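Novice: My questions are about this predicted structure, shown below with the sequence.
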Amino acid sequence: MTRLQTLLLVTAVLCAYTFAQTKPRARDLGVPFDGTPGPNNAITDVEGVEVGHSTLISGEGKLKVGEGPVRTGVTAVLPRGKASTDAVFGAWFTLNGNGEMTGTTWVEDSGFVDGPIMITNTHSVGVVRDAVIAWKVKRGEPDMEGYWWSLPVVAETWDGFLNDINGFHVKPEHVFHALDSAHGGAVEEGNVGGGTGMICSEFKGGIGTASRVLDAKDGGYTVGVLLQCNYGRRGQLRIAGVPVGKEIPEHPAYEDTSSLQPGAGPAANPLEDPVESKDKGSIIIVLATDAPLIPTQLKRLARRASLGLGRDGSYSGDSSGDIFIAFSTANPGAASPKEIHDLKMLPNDSLDPLFLATVQATEEAVINAMVAAETMTGIDGHTAIALPHDRLREVLKKYNRLQK
């Protein structure tokens, strides 16, 4: 890497960190949540975990396939950071399978996640997968047995309402940037990375994160969540137990400004379904912990993310792709083929606090994504409206749930 490239990378990381620090989060608005978050209330509170984004925003107006408008990107989660090639124990779970997460059959059989976990849009999974392999080869990183062989984990949700999804705008260099710029500390949320063009509960969605730290009596372990939310109907949205979606009907969902005439109301929602209860969309959830868990226990942890989504109003509709992956940074070197390993693991009877932490962090990460997201207009004037902060506070106050 040249000196100029290094300077640009450091500048990008510093700018991203500042961005993450200055945007309000759900707790800043007075949303009450249970549990104790880590110092960043992010997946990076699990020591060693790094997150990077490539955000692609360009063009406006009428859709021209291949030209834009572009509202998409890539997000990278590196379980042990860029400096390590050590695999982690992992497991995955699909709550509803109308989606994609590559590499999971080997995660299921081997019990390991070897390399970064990537999230992007539905039609960019292939290029991201191939670019991850190229990134690893460029860095001179064969697997732990010395083979140039990789099955990257790449997940997706659909951003085609705002983004020229068939224009294939995500390129290998964008994947490289997300990986090379990955960092610890505060994590950018909302309209960033793979979440740039996503929609959640008929408000603007995207990337969200949160964490929980267990009490010392429970081991003091950390659970972190990062997710890309692109699911749900407004009528089902609940925040801190309050039916927020039903209380905020005045902001049109998915407004199409291209077809408005003087004196006309909002255009029909092209995604609207006459059956109010029908859920649409998808969510990808990445769970990290420093607790010493083996793959069977991590699968149990991944399942609990479903309960966090339920708190926010999701029930995982038929057309939804709700796919989760969990990993543990404990037991370093466990994937080495050279020797017999002495592993540590928690007894199953000690997992309850981790289950609860997973539910709590998942619930909060979704709301953090929505609070951070900003109103976005994409192809053909389609506009996804951001969750209005003032109205959220009013509704929470009405139900005596506003914390401050």
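Specialist: Ah, there it is. Because the structure is a prediction, the values reported are computed rather than measured.

Novice: from what I can see, Ile284 looks like it's in a helix, true?
Specialist: No. Applying DSSP: H, G, I helix; E, B strand; the rest coil, one finds Ile284 to be strand, outside a helix.

Novice: Next one: the residue most central in space within the chain from Lys299, what distance?
Specialist: Nearest to the geometric centre of the chain sits Leu227, at 2.1 Å (C-alpha atoms, centre = their mean). According to C-beta to C-beta, to the nearest Å, Leu227 and Lys299 sit 18 Å apart. C-betas here are computed from N, CA, C, even on glycine.

Novice: again, but for Val132
Specialist: Val132 is 23 Å from Lys299, where distance means C-beta to C-beta.

Novice: More neighbours: which of the two?
Specialist: Val132 (28 against 20; other C-beta atoms under 10 Å).

Novice: do you know how far the more buried one is from Gly197?
Specialist: 21 Å.

Novice: again, but for Gly184
Specialist: Distance, Gly184 to Gly197, using C-beta to C-beta: 26 Å.

Novice: And the two? Which one has more around it.
Specialist: Between Gly184 and Gly197, counted using other C-beta under 10 Å, the more crowded position is Gly197 (32 against 20).

Novice: mind listing what that one touches?
Specialist: When the contact criterion is C-beta atoms under 8 Å, 6 or more residues apart in numbering, the partners of Gly197 are 71-72, 121, 159, 161-163, 191, 376, 378.

Novice: Beta-bridge partners for Val88, please?
Specialist: The partner list for Val88 in beta bridges (DSSP bridges) reads Val113.

Novice: Now do the contacts for it.
Specialist: Per C-beta under 8 Å, 6+ apart, neighbours of Val88: 79-80, 112-113, 327-329.

Novice: what's the closest of those to Val46?
Specialist: Comparing the contacts of Val88 against Val46 with C-beta to C-beta places Thr329 closest, at 6.0 Å.

Novice: Residue ranges in the stretch 301-404 of the chain under the pLDDT threshold?
Specialist: For the stretch 301-404 of the chain, applying pLDDT under 70 flags no range at all.

Novice: cool, the stretch 1-150 of the chain as well?
Specialist: Residues of the stretch 1-150 of the chain that meet the cut-off, pLDDT under 70, sit at 1-21, 141-146.

Novice: And the strands in it?
Specialist: Taking DSSP state E, counting those that start in this stretch, the strands of the stretch 1-150 of the chain run over residues 50-58, 70-78, 88-97, 112-113, 117-121.

Novice: what lines up beside the last one in the sheet?
Specialist: Neighbouring strands of strand 117-121 in its sheet, by DSSP bridges, are strand 70-78 (antiparallel), strand 153-157 (parallel).

Novice: Please tabulate those strands in JSON lines, including the columns distance to Glu363 and mean neighbour count.
Specialist: Below are the strands paired with strand 117-121 laid out as JSON lines (distance: least, C-beta to C-beta, whole Å; neighbours: other C-beta atoms under 10 Å):
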{"stretch": "strand 70-78", "distance to Glu363": "19", "mean neighbour count": "28"}
{"stretch": "strand 153-157", "distance to Glu363": "19", "mean neighbour count": "28"}
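
Novice: out of the ones you listed, which comes closest to Phe176?
Specialist: Of the strands paired with strand 117-121, nearest to Phe176 by C-beta to C-beta is strand 70-78, at 9.5 Å.
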